[in-house]
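>>> here are the coordinates; sequence isn't available:
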């Protein structure tokens, strides 16, 4: 039976970011970190029109700068310097401008494959052991850690185990960690589109009677499209021919970014607010989407997980207690509680406010958007939340 100090179950963006945040201190402390990941990371990055992407807030960019990896990421990071927020068919709108906030960008849009490639390339094989491709099939608690059975027949024990295996974590279920889920009765269609007008760093959040729509600028004159609709309508859009899909998108969004010319492969995801009822136990941390999964409209999910990740690494490296010490993990959770509450609440309220077509609420939110654009302190507060700086 193999032993490790820290087992990170899930070598995706959250798990790899945690490994990177820990590796320098782990080398000094003599810790071995094992990443268990079912999908083998590619050694070469292959650009693709269909690439899925993430919106990193300015605060998340600062985290990757701190971890010494931003210069590797930057060549394929598209800065968002202007964000338009509007409500289709109503008068309210607001513009968030990076220069007004004294930052080079409000955030950055990056292909997940590129971000993952940069993270994996930065990991030190002297400290980080990959079990890949491999999957943990069974997990059980021991007095001093956790024991895992892998699908290749091997066993692994760890003093501290991190569950970063996504929102549908079966290991979380095995351990009896319950999840509170609130469905939104919405499905997100996510794809990549091009138009005949270059994005030039502009992002758009547009709300309509049928659901919110976001266009985020991506490298190579593309946009990431996040189109939220009622499930049956999302299924219909998902199955349209490309030309018909682009026609309906144009009709919904208008010509603010020009005429849409190309759409990539489409993905659809049912949306809900999900939060693990436990994020820590002795020798165990639940992290990333396994801990909380947010509506994508406010773009806060991955950024919150990255802040959780950095704070966990800081607490582990600052502690002199044995790995998995419950008091250390409780201190980590307490330090992130305010950030989680504010961010999750902000994301949920924005989603519900702009998914409601009652006339008085529509009037109220449009007055709010106008006020946001006219009152610099309110706009600054909103921008800091969007940039991942609002709870610091």
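Nice, thanks for sending it over. Because the structure is a prediction, the values reported are computed rather than measured.
>>> how near is the residue lying closest to residue 114 once chain neighbours are set aside to residue 112?
Spatial nearest neighbour of residue 114, chain neighbours left out: residue 76 (4.7 Å); criterion: C-beta to C-beta, 6 or more residues apart in numbering. Quick note: C-beta positions are derived from backbone N, CA and C, even for glycine. Distance from residue 76 to residue 112, counting by C-beta to C-beta, to the nearest Å: 11 Å.
>>> so which of the two has more stuff around it?
The residue with more neighbours, out of residue 76 and residue 112, is residue 76; 22 against 14, by other C-beta atoms under 10 Å.
>>> so what's that one scoring on pLDDT?
The predicted structure scores residue 76 at 95 on the pLDDT scale.
>>> quick check: residue 329 touching residue 278?
No - applying C-beta atoms under 8 Å as the test, residue 329 and residue 278 come out as separate, 10.8 Å apart.
>>> who has more neighbours, those two?
More crowded of residue 329 and residue 278, by other C-beta under 10 Å: residue 329, with 24 against 16.
>>> what about the closest residue to residue 267 other than its chain neighbours, which SS state?
Once flanking residues are discounted, residue 267 sits nearest to residue 190: 4.9 Å by C-beta to C-beta, 6+ apart. Under the three-state scheme (DSSP: H, G, I helix; E, B strand; the rest coil), residue 190 adopts strand.
>>> residues in contact with residue 190?
52, 224, 225, 226, 227, 266, 267, 268, 269, 296 (C-beta atoms under 8 Å, 6 or more residues apart in numbering).
>>> the same query, at a cut-off of 7 Å, please.
Counting by C-beta atoms under 7 Å, 6 or more residues apart in numbering, residue 190 makes contact with 52, 225, 226, 267, 269.
>>> isn't the second one right up against residue 215?
In this case it means residue 225. Yes - between residue 225 and residue 215 there is a contact under C-beta atoms under 7 Å: 5.9 Å.
>>> ok, and for whichever strand or helix holds residue 316, which residues are buried?
Using DSSP states H and E, residue 316 sits within helix 301-318. Judged by neighbour count using 16 or more other C-beta atoms under 10 Å, the buried positions of helix 301-318 are 301-313, 315-316.
>>> and those residues, which is closest to residue 97?
Lowest distance from residue 97 to the buried residues of helix 301-318 (C-beta to C-beta) belongs to residue 303, with 19.7 Å.
>>> name the spans of the stretch 151-300 of the chain whose pLDDT lies under the cut-off.
298 (pLDDT under 70).
>>> let's verify residue 249: helix, strand, or coil?
Under three-state DSSP, residue 249 comes out as helix.
>>> quick one: it from residue 228, how far?
Counting by C-beta to C-beta, the gap from residue 249 to residue 228 is 13 Å.
>>> who's more crowded, those two?
A side-by-side neighbour count of residue 249 and residue 228, using other C-beta under 10 Å, places residue 228 first with 27 against 22.
>>> circling back to that earlier point, of the contacts of residue 190, which is the nearest to residue 183?
Checking the contacts of residue 190 one by one against residue 183 (C-beta to C-beta), the nearest turns out to be residue 269, at 12.3 Å.
>>> from what I can see residue 202 touches residue 79, true?
No - contact criterion C-beta under 7 Å: residue 202 and residue 79 do not qualify, at 10.4 Å.
>>> which residues are common contacts for the two?
Overlap of the contact sets of residue 202 and residue 79 (by C-beta under 7 Å, 6+ apart) is empty.
>>> returning to that earlier point: the helix holding residue 316: what's the following helix or strand?
Tracing the chain past helix 301-318, the next element assigned as helix or strand by DSSP H and E is helix 326-353.
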